[in-house]
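Enquirer: no sequence for this one, just the structure:
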């Protein structure tokens, strides 16, 4: 592999205290983005979400394929105020989960933006999701959070956003 | 610019085949590991399980899988080192299963959660596509990774595996 210029860490954070959201800004200059999450949450199991550019309008939709070790299911949500991007990947107890997000061609100003997520916890289940943000704006910030009242990502959770450059 | 996505080592199986693909002495200079493979094995059947072993420790592995075979989707729980299938000797000639595992924070003192994806397409009436949430309940830093086949079968010639180190700084 050519030395290093095509896969660059943009920002990395290890939470020093509990918080509900984390936002990545100043993410320009790349072709695609990858977000790696290794996190826990408190106090219970709630759904993770993604928002782009702080948009809280009902401009998101998603489709999930999920397995809990017993059955496989699929579901959809349309006209949501966020991309509900995973369920099993951030456990409230036991070991850290793992989540991998891909945001392709995120800076274009022509098309709506599609993201992919793979969220995992061996004691809970596995999800594969696609999310759509109906905006032609370039993505300039990404907010990752936990839904639910008084729900928090816990101290020690790690988040790294990588930029991939096509040339 | 720093090289943050680095090939640590690779393996291409020769004409005699091999029972184990090993990556030892993994440097402690990265944040995450990614293992990408393309595999076929000698089982007399269409496919067999691929197993991963960290630090030569074969215990305390669990997973939940989500898979489809072209006919139905299902999900299962396992206490096993499984990361997917490698097609076998009766599978369509020249087909190899492809897959990858992603291991975040492989040096941490936490148990090691990792993600696996695998496909075993072979242009027949049934083929597997699998994703899984895996866990090795061990707090040791990962220093070696072995790939083997369930049943002790060999990986065949042209099987490949690449181990990458990813740094977050």
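Expert: Now that the structure is in, tell me what you want to look at. From a predicted model like this one, the values you see are computed outputs, not experimental measurements.

Enquirer: how about residue A:151, what does it touch?
Expert: Shown here is residue A:151, whose contacts under the criterion CB atoms under 8 Å, 6 or more residues apart in numbering or on different chains are A:20, A:41-44, A:46. In short, each C-beta sits where N, CA and C put it, glycine included.

Enquirer: only whichever of these are buried, select them in ChimeraX.
Expert: Isolation of the buried members of these (16 or more other CB atoms under 10 Å in any protein chain shown) is achieved in ChimeraX through the command below:
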select /A:41,46
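
Enquirer: any idea what the residue in chain B positioned nearest to chain A is bridged to?
Expert: Across chain B, the shortest distance to chain A (CB to the nearest CB) belongs to residue B:75, at 2.8 Å. Taking DSSP bridges as the rule, residue B:75 bridges to residue B:66.

Enquirer: enumerate every residue touching it.
Expert: By CB under 8 Å, 6+ apart, the residues touching residue B:75 are A:66-72, A:125-126, B:64-67.

Enquirer: cool, and residue B:10?
Expert: The contact partners of residue B:10, by CB under 8 Å, 6+ apart, come to B:160-163.

Enquirer: strands along chain A, start to end?
Expert: Taking DSSP state E to define them, one finds strands in chain A at A:7-14, A:21-24, A:32-38, A:41-42, A:48-52, A:60-67, A:72-80, A:83-86, A:98-103, A:113-121, A:125-133, A:142-146, A:152-153, A:158-164.

Enquirer: out of those strands, indicate the one that is most buried.
Expert: Per-residue neighbour counts averaged over each of the strands of chain A give the maximum for strand A:83-86, namely a mean of 26 (mean count of other CB atoms under 10 Å in any protein chain shown).

Enquirer: and that one, what does it pack against?
Expert: strand A:48-52, strand A:60-67, strand A:98-103, strand A:113-121, strand A:125-133 (3 or more CB pairs under 8 Å, 6 or more residues apart in numbering or on different chains; DSSP states H and E).

Enquirer: and with 10 Å instead?
Expert: Packed against strand A:83-86, as judged by 3 or more CB pairs under 10 Å, 6 or more residues apart in numbering or on different chains; DSSP states H and E, are the following elements: strand A:32-38, strand A:48-52, strand A:60-67, strand A:72-80, strand A:98-103, strand A:113-121, strand A:125-133.

Enquirer: what lines up beside the fourth one in the sheet?
Expert: Strand A:72-80 has the following strand partners under DSSP bridges: strand A:60-67 (antiparallel).

Enquirer: now the angle from the partner strand to strand A:48-52?
Expert: Inter-element angle recorded for strand A:60-67 and strand A:48-52: 150 degrees (by axes from the mean of the first three to the mean of the last three CA atoms, to 10 degrees).

Enquirer: and strand A:60-67, average pLDDT?
Expert: Averaging pLDDT along strand A:60-67 gives 97.

Enquirer: what ranges of the chain fall below the confidence cut-off?
Expert: Reading this off chain A. Applying pLDDT under 70 to chain A flags the ranges A:1-5.

Enquirer: wrong one, I was asking about chain B
Expert: Judged against pLDDT under 70, the low-scoring parts of chain B cover residues B:1-3.

Enquirer: can you give me the strands for it?
Expert: Counting by DSSP E, chain B forms strands over residues B:5-12, B:20-23, B:32-39, B:47-54, B:61-68, B:73-78, B:82-87, B:97-103, B:112-120, B:128-136, B:145-149, B:160-166, given from the N-terminal end onward.

Enquirer: report the buried residues of the third one.
Expert: This points to strand B:32-39. Neighbour counts over strand B:32-39 (16+ other CB under 10 Å) mark B:32-37, B:39 as buried.

Enquirer: returning to that earlier point: need the max-distance pair from the contacts of residue A:151.
Expert: Spatially, the most separated pair among the contacts of residue A:151 is A:20 and A:44, at 13.6 Å (CB to CB).

Enquirer: what's the overlap in contacts for these two?
Expert: Counting by CB atoms under 10 Å, 6 or more residues apart in numbering or on different chains, the shared contacts of residue A:20 and residue A:44 are A:146, A:148, A:150-151.

Enquirer: ok, the residue nearest to residue B:49 when sequence neighbours are not counted - contacts?
Expert: In space, not counting the residues next to it along the chain, residue B:49 is nearest to residue B:150; the distance is 3.7 Å by CB to CB, 6 or more residues apart in numbering or on different chains. Neighbour list for residue B:150: B:41, B:43, B:48-51, B:80-82, B:85-86 [criterion: CB under 10 Å, 6+ apart].
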